[in-house]
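Peer 1: Here's a sequence, model it:
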Amino acid sequence: MAAAEARRGFGGLLAALPARWLPPPGRAAEAESKPLQLRVAAGCGLRVPRTMITNCPAVAKEFAERIGGPVVYKPFTPVRGTVGGQSVAVYASLLRPEDLGHPSIATTAHLFQEWVPKAYEVRLTAVGRRLFAAEIHAGSESARVDWRSDYDSLDYRVCEPPPAVAAGVNRVLDQLGLTYGAFDFVVTPSGEWVFLEVNPNGQYGFVEQATGLPITAAICDYLEGTET
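Peer 2: Residues are numbered from 1 along each chain as shown. Okay, the predicted model is just below:
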């Protein structure tokens with residue numbers, strides 16, 4: 001109760017300030033919904049993977065068989081904890097159709113997506129209308145499935161999003177009411193950008209340190225109202 005009251009009291013005071021927020025209070029929490037993000041991204045002209053949300057093992061297995069290839073499972077929210085004194089996390093996992101009939105799927109809702117062949121991935125950080133994109137090249141098997149699982153193997157290169165993708169990103173921000181977003185894309189071997197998700201509070205420091213992209217300066221400009 002004390003924590004909830006502090007959040008609503010002190011947090012409410014902060015939200016009442018006539019100041020710029022990045023991202024705006026309340027909007028970020030709503031925008032974290034992966035199903036909402038996928039629907040909005042598709043409506044804004046971005047390609048999204050075929051997705052199934054279910055707690056029925058038979059439906060999950062049928063989805064995987066219909067896809068006809070590998071399927072990815074990912075949690076709706078970050079899952080982290082400690083096992084044996086070691087910090088652990090649940091990352092995206094690559095599954096086979098036979099894995100999708102497991103009875104434990106009935107425990108709760110699961111998100112399954114088609115595996116999109118990737119040449120590399122892109123972290124695109126949006127600050128207001130300024131977009132900063134960096135290719136992420138994975139150097140290990142685990143990182144090729146989920147690059148967060150092996151940061152030491154990653155290589156970064158600055159890139160430019162295609163105009164249609166940039167326009168789609170700005171429409172997503174408008175529809176979700178966001179002024180900041182860390183977008184994740186897969187880029188296929190043919191060069192097509194496929195939207196995976198957007199984190200309204202996503203980290204950017206590791207990208208800036210690796211590439212020199214001036215994201216911190218853009219955030220300062222936005223908060224000061226001096227962005228161009």
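Peer 1: Now for this protein, the helix or strand with the poorest mean pLDDT.
Peer 2: For the chain, scoring each helix and strand by mean pLDDT, DSSP states H and E identifies strand 86-89 as the least confident one, at a mean of 69.
Peer 1: Give the phi and psi angles for Gly128, as a check.
Peer 2: Note on Gly128: its backbone torsions stand at phi 60, psi -120 [degrees, to the nearest 10].
Peer 1: so who does it touch?
Peer 2: Counting by Cβ atoms under 8 Å, 6 or more residues apart in numbering, Gly128 touches Thr179, Tyr180, Ala218, Tyr222, Glu227. From N, CA and C alone the C-beta is placed, and that goes for glycine too.
Peer 1: just those now: which is nearest Ala29?
Peer 2: Each of these was checked against Ala29 using Cβ to Cβ; the closest is Tyr180, at 13.6 Å.
Peer 1: show me the contacts for that closest one.
Peer 2: Leu22, Pro23, Thr125, Ala126, Val127, Gly128, Pro200, Asn201, Ile219.
Peer 1: which of the residues you listed count as buried?
Peer 2: Leu22, Pro23, Thr125, Ala126, Val127, Gly128, Pro200, Ile219 (16 or more other Cβ atoms under 10 Å).
Peer 1: Now intersect those residues with the strands, please.
Peer 2: Cross-referencing these against strands under DSSP state E gives Thr125, Ala126, Val127.
Peer 1: Kindly indicate which of these lies nearest Gly11.
Peer 2: Distances from Gly11 to these, taken by Cβ to Cβ, are shortest for Val127, at 22.9 Å.
Peer 1: Quick check: bridge partners of the closest one?
Peer 2: Arg130, Tyr180 (DSSP bridges).
Peer 1: Identify the residues contacting it.
Peer 2: Contacts of Val127 (Cβ under 8 Å, 6+ apart): Leu22, Thr179, Tyr180, Ile215, Ala218, Ile219, Tyr222, Glu227.
Peer 1: where do the strands sit along this protein?
Peer 2: Going by DSSP E, the chain shows strands at 51-54, 71-74, 80-83, 86-89, 93-95, 110-114, 120-127, 130-137, 155-159, 180-187, 193-199.
Peer 1: what's the closest of these to Arg39?
Peer 2: Among these, strand 51-54 sits nearest to Arg39 (Cβ to Cβ), with 9.8 Å.
Peer 1: Please compute how far that closest one lies from its chain's middle.
Peer 2: Distance, stretch centre to chain centre, for strand 51-54: 17 Å (Cα atoms, centre = their mean, to the nearest Å).
Peer 1: Other residues contacting that strand?
Peer 2: Here strand 51-54 has contacts from Pro35, Leu38, Val59, Ala60, Phe63, Ile105, Ala109, His110, Leu111, Phe112, Gln113, Glu114, using Cβ under 8 Å, 6+ apart.
Peer 1: In those, find the pair that's most separated.
Peer 2: Of all pairs in the contacts of strand 51-54, the most separated under Cβ to Cβ is Leu38 and Ile105 at 19.8 Å.
Peer 1: returning to that earlier point: considering the contacts of strand 51-54, which possesses the most neighbours?
Peer 2: Ala60 (25 neighbours; other Cβ atoms under 10 Å).
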